[in-house]
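Asks: need a structure here:
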Amino acid sequence: MLKQLRRDHANMARILHVLQLKQKTLADGDRPNFQLVREVVDYILDYMAGFTLPLEEICTERLREVAPHSEEVTERLSGQYRQLKARLNRLSRDIDAILMDVAVPMNQFSDDLREYLESHRNYLREEREELFPLISEYFSDDDLERLAHALPANATAELERLQGAYPELYAELRDNSDPVPA
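Replies: Modelled structure (predicted):
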């Protein structure tokens, strides 16, 4: 189960790396492929709703029962998740405006994107360093089974869904397939 969580973190790190490359292009004064940026942001929003939120709810609920001292960690991660989602929604609105040729200050957008990337990487790091050890220590086999049902069941099916729903992102990940640390 924890191996699956770590794989999901590695995959998210790769997706964030794609976004970082586009942010660097923007910071260098060039115009990135905003349609790809749109796909990445949409994918992350979908992922947060379909994976991160259920995972957080299950972990928080169960850890409150078996390890009440973990509440500080789960509450902090929960707050960080809400902030990440708010930042990502703001970026999504800005991307919509950019794609509709509305004037958006590119320096500010680039800074917002960079700050989002730093925050998301920090969130992933804190999950790995603080939440995963709690899961490892306090979750029973039944807890892990319940958690497994909250995760995408089949990585191949998820990859096929990614390919169909986000073709430019899929192509970018395929072409840039080296693992990237979070």
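
Asks: lowest-pLDDT helix or strand in this protein?
Replies: One helix or strand of the chain scores below all others by mean pLDDT, DSSP states H and E: helix 155-165, with a mean of 60.

Asks: where do the helices sit along this protein?
Replies: Here the chain has its helices, by DSSP state H, at 2-27, 34-47, 53-66, 71-99, 106-126, 132-138, 141-150, 155-165, 167-175.

Asks: just name the most buried of those helices.
Replies: Mean neighbour count (mean count of other C-beta atoms under 10 Å) peaks for helix 34-47 among the helices of the chain, with a mean of 19. Where C-beta positions appear, they are placed from N, C-alpha and C, glycine not excepted.

Asks: pLDDT of that one, averaged?
Replies: What helix 34-47 shows for mean pLDDT is 90.

Asks: got the angle between it and helix 2-27?
Replies: 150 degrees (axes from the mean of the first three to the mean of the last three C-alpha atoms, to 10 degrees).

Asks: which elements pack onto helix 34-47?
Replies: Here helix 34-47 touches helix 2-27, helix 71-99, helix 155-165, helix 167-175, going by 3 or more C-beta pairs under 8 Å, 6 or more residues apart in numbering; DSSP states H and E.

Asks: wait, K22 touches N33, no?
Replies: Yes: at 6.9 Å, K22 counts as touching N33 under the criterion of C-beta atoms under 8 Å.

Asks: still on that earlier bit, reformat the helices and strands packed on helix 34-47 as TSV; add distance to D111.
Replies: Listed next are those as TSV, based on distance: least, C-beta to C-beta, whole Å:
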stretch	distance to D111
helix 2-27	9
helix 71-99	11
helix 155-165	28
helix 167-175	23
